[in-house]
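[1] this is a predicted model, with the sequence first.
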Amino acid sequence: MSIALERNKDQNKLLIADLNKKIAQVKLGGGKSKLEKIRSQGKMPARERISFLLDKNSDFIEIGALAGYEMYKDDGGCPSGGVVVVMGYISKKLCVVVANDVSVKAGAWFPISAKKNLRAQEIALVNKIPIIYLVDSSGVFLPRQDEIFPDKDHFGRIFRNNAQMSSEGIIQIAAVMGSCVAGGAYLPIMSDEAIIVDKTASIFLAGSYLVKAAIGEDIDNETLGGATTHSEVSGIADYKAKDDQDALYRIRALIDKIGENSKSGFNRVDSIPPVKTAEEIFEILPNDKSQPYDTYEIIERIVDKESIDEYKAAYGKTLITTYARIDGWAVGIVANQRKVVKNKKGELQFGGVIYGDSADKATRFIANCNQRKIPLVFLQDVTGFMVGSKAEHSGIIKDGAKMVNAMSNSIVPKFTVIIGNSNGAGNYAMCGKAFDPRLIFSWPGSKIAVMGGEQAAQVLLQIEKSKRNKEGEKISTKTERALLNEIKSKYEKQTNPYYAAARLWTDAIIDPLETRKWISIGIEAANNAPIEKKFNMGLIQV
């Protein structure tokens with residue numbers, strides 16, 4: 001192995017180790033002492049509830065584990081957004097599970113908590129798979145109520161989604177396993193079936209103290225809204241469970257009896273491991289995101305052996321478009337080629353840049369995948385579209401618009417993997433978050449920004465210099481250098497994958513070796529939602 005490959009491997013392994021360390025930390029929620037306190041109350045922490053609920057030794061993926069990372073520091077932080085979301089198997093059926101983490105601020109809802117819950121519901125809604133709520137929350141985090149309560153995509157949207165999913169026949173089961181108060185009390189009751197745990201769970205619009213203050217009534221919480229009250233008096237709960245495990249067994253039994261829905265019918269055969277060793281990705285992928293590499297080498301370590309059928313291989317070479325299989329599923333891959341290539345005229349084209357010919361090729365390929373009902377996988381390492389007079393005069397904007405249009409109007413499910421850079425309009429054309437990928441996740445070391453850090457820092461520096469010059473301030477070379485470093489530091493922080501994952505711009509940062517599993521589970525979920533529309537690009541034709 002060359003020194004360069006060895007260096008790449010070491011640097012990428014360090015990135016994975018750092019990722020694992022951060023994930024291990026957020027999995028502690030509010031801390032070990034808080035988790036022990038929960039257990040001492042006869043309850044299970046959120047992650048233990050999910051582990052108990054899922055089928056043993058089955059695959060699952062966690063959505064938004066890094067939500068809230070390094071956010072809300074003044075409020076003591078909010079690990080994983082105070083809620084755990086996974087997609088996994090219950091009684092052999094793929095489901096979304098949402099569990100409040102009561103170890104984090106008593107399960108209170110921060111703004112990112114609401115966003116994460118809405119993302120979980122979106123995944124269940126578009127894929128038409130069951131969603132399970134494990135409720136244990138003190139309600140909205142009041143110091144930030146203005147960021148979570150009144151707007152379209154705030155707390156109320158969750159109940160709207162409850163109603164929408166119910167109307168579409170998407171199964172929703174809620175187990176109230178702790179506190180469930182105020183507006184949050186509507187979530188389990190708007191679900192199809194509700195379970196409540198005896199002695200440790202309660203449901204009410206206002207607790208005993210507030211009832212006393214509001215209307216002068218003396219009553220304890222258990223009588224007001226405990227399991228016996230809601231199982232025998234109000235009839236709100238459908239089942240009373242003796243403890244957490246009993247409630248989780250009940251969920252498994254209910255899911256076990258659900259019938260099968262119609263499928264999309266995506267093509268799948270027996271899975272075959274990739275032709276090349278997946279671990280070699282660490283050697284290929286440079287830590288310096290400006291350095292070139294051959295994207296074919298990455299693809300060959302992700303897709304099933306001998307499954308590649310490349311489309312227009314000799315044309316538009318800065319984008320690779322190929323049919324392949326991932327874990328047996330037929331897919332159409334659109335990937336940025338990161339090495340320098342030659343076009344049909346023998347001219348050099350920069351890796352990671354989308355040129356007119358490559359955009360044209362991608363447009364036609366995306367249309368083909370829609371016609372043939374083949375899910376799309378976008379492997380992003382893109383610095384943007386080509387600029388300059390030659391590109392402009394040849395119609396790069398129109399070519400790019402066609403590609404964005406085809407991708408936007410796709411009726412097949414889309415999956416996006418950010419393996420390196422994700423810059424500017426390239427992020428959009430390669431199915432960024434704004435274009436509704438079923439799942440979008442990144443590898444450690446990736447970067448999301450409107451442009452590269454060095455270029456952006458220079459632009460921002462010029463703006464700052466111009467502002468200071470107008471104010472009569474002369475900037476020395478030393479001051480200019482200090483300003484540039486300050487701007488670069490701030491900009492680099494915002495392009496970091498953890499910054500994106502914290503805000504749910506991506507669903508996760510994953511070990512590259514997990515890529516096949518994420519895409520496979522994603523397609524299996526999507527296969528539960530039959531395609532009812534026809535592909536149409538509107539006015540912009542291929």
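    In hand now; what should we look at?
[2] using CSV, write out every CA atom in the worst-scoring helix or strand of the chain on mean pLDDT.
    Across the helices and strands of the chain, the lowest-confidence element by mean pLDDT, DSSP states H and E is helix 453-470, at a mean of 74. The C-alpha trace of helix 453-470 is given here as CSV (Å, rounded to 0.1, in the frame of the first residue of the first chain):
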residue,chain,number,x,y,z
GLY,A,453,-14.5,27.1,2.4
GLU,A,454,-11.6,28.9,0.8
GLN,A,455,-13.6,30.6,-1.9
ALA,A,456,-16.4,31.6,0.6
ALA,A,457,-13.8,33.0,3.1
GLN,A,458,-12.3,35.2,0.4
VAL,A,459,-15.7,36.5,-0.6
LEU,A,460,-16.7,37.2,3.0
LEU,A,461,-13.3,38.9,3.6
GLN,A,462,-13.8,41.2,0.7
ILE,A,463,-17.2,42.2,2.0
GLU,A,464,-15.8,42.9,5.4
LYS,A,465,-12.9,44.9,4.0
SER,A,466,-15.2,47.0,1.9
LYS,A,467,-17.4,47.7,4.9
ARG,A,468,-14.5,48.8,7.0
ASN,A,469,-13.0,50.9,4.2
LYS,A,470,-16.3,52.8,4.0
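[3] next secondary structure element downstream of it?
    Per DSSP states H and E, the first helix or strand lying C-terminal to helix 453-470 is helix 477-495.
[4] as CSV, could you dump the C-alpha coordinates of that next one?
    As requested, C-alpha coordinates have been extracted for helix 477-495 and formatted as CSV (Å, rounded to 0.1, in the frame of the first residue of the first chain):
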residue,chain,number,x,y,z
THR,A,477,-1.9,42.8,6.4
LYS,A,478,-1.8,41.3,9.9
THR,A,479,-5.5,42.3,10.6
GLU,A,480,-6.5,41.0,7.2
ARG,A,481,-4.9,37.6,7.9
ALA,A,482,-6.6,37.4,11.3
LEU,A,483,-10.0,38.3,9.8
LEU,A,484,-9.5,35.6,7.1
ASN,A,485,-8.7,33.0,9.7
GLU,A,486,-11.7,34.0,11.8
ILE,A,487,-14.1,33.9,8.9
LYS,A,488,-12.7,30.5,7.7
SER,A,489,-13.0,29.0,11.2
LYS,A,490,-16.7,30.1,11.5
TYR,A,491,-17.5,28.9,7.9
GLU,A,492,-15.7,25.6,8.3
LYS,A,493,-17.7,24.9,11.5
GLN,A,494,-21.0,25.5,9.6
THR,A,495,-19.9,23.2,6.8
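[5] for it, buried residues please.
    The neighbour-count check on helix 477-495 (16 or more other CB atoms under 10 Å) flags Leu483, Leu484, Ile487, Lys488, Tyr491, Glu492, Thr495 as buried. For glycine as for every other residue, the C-beta is placed from the backbone atoms N, C-alpha and C.
[6] just stretch 213-224 next, same as before
    Using 16+ other CB under 10 Å as the test for burial, stretch 213-224 gives Asn221, Leu224.
[7] cool, stretch 532-540 as well?
    Using 16+ other CB under 10 Å, the residues of stretch 532-540 that count as buried are Phe535, Met537.
[8] contact partners of it?
    Ala367, Asn370, Gln371, Ala401, Lys402, Asn405, Ala406, Asn409, Ser410, Ile411 (CB atoms under 8 Å, 6 or more residues apart in numbering).
[9] need the max-distance pair from those residues.
    Checking the contacts of stretch 532-540 against each other with CB to CB, the farthest-apart pair comes out as Gln371 and Ala401, at 20.5 Å.
[10] more neighbours: which of the two?
    Neighbours around Gln371 and Ala401, counted as other CB atoms under 10 Å, are more numerous at Ala401. The numbers are 16 against 12.
[11] CA atoms of stretch 418-432 as CSV?
    Taking only C-alpha atoms (Å, rounded to 0.1, in the frame of the first residue of the first chain), the coordinates of stretch 418-432 have been written out as CSV:
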residue,chain,number,x,y,z
ILE,A,418,-23.0,12.7,0.8
ILE,A,419,-19.6,11.2,0.6
GLY,A,420,-17.6,14.4,0.1
ASN,A,421,-18.5,17.9,-1.0
SER,A,422,-22.0,19.1,-1.4
ASN,A,423,-21.8,22.6,-2.7
GLY,A,424,-24.2,25.1,-4.2
ALA,A,425,-26.6,24.1,-7.0
GLY,A,426,-24.8,20.8,-7.1
ASN,A,427,-26.4,19.9,-3.8
TYR,A,428,-29.8,20.6,-5.4
ALA,A,429,-29.2,18.8,-8.7
MET,A,430,-27.9,15.7,-6.8
CYS,A,431,-31.1,15.5,-4.6
GLY,A,432,-30.3,17.6,-1.5
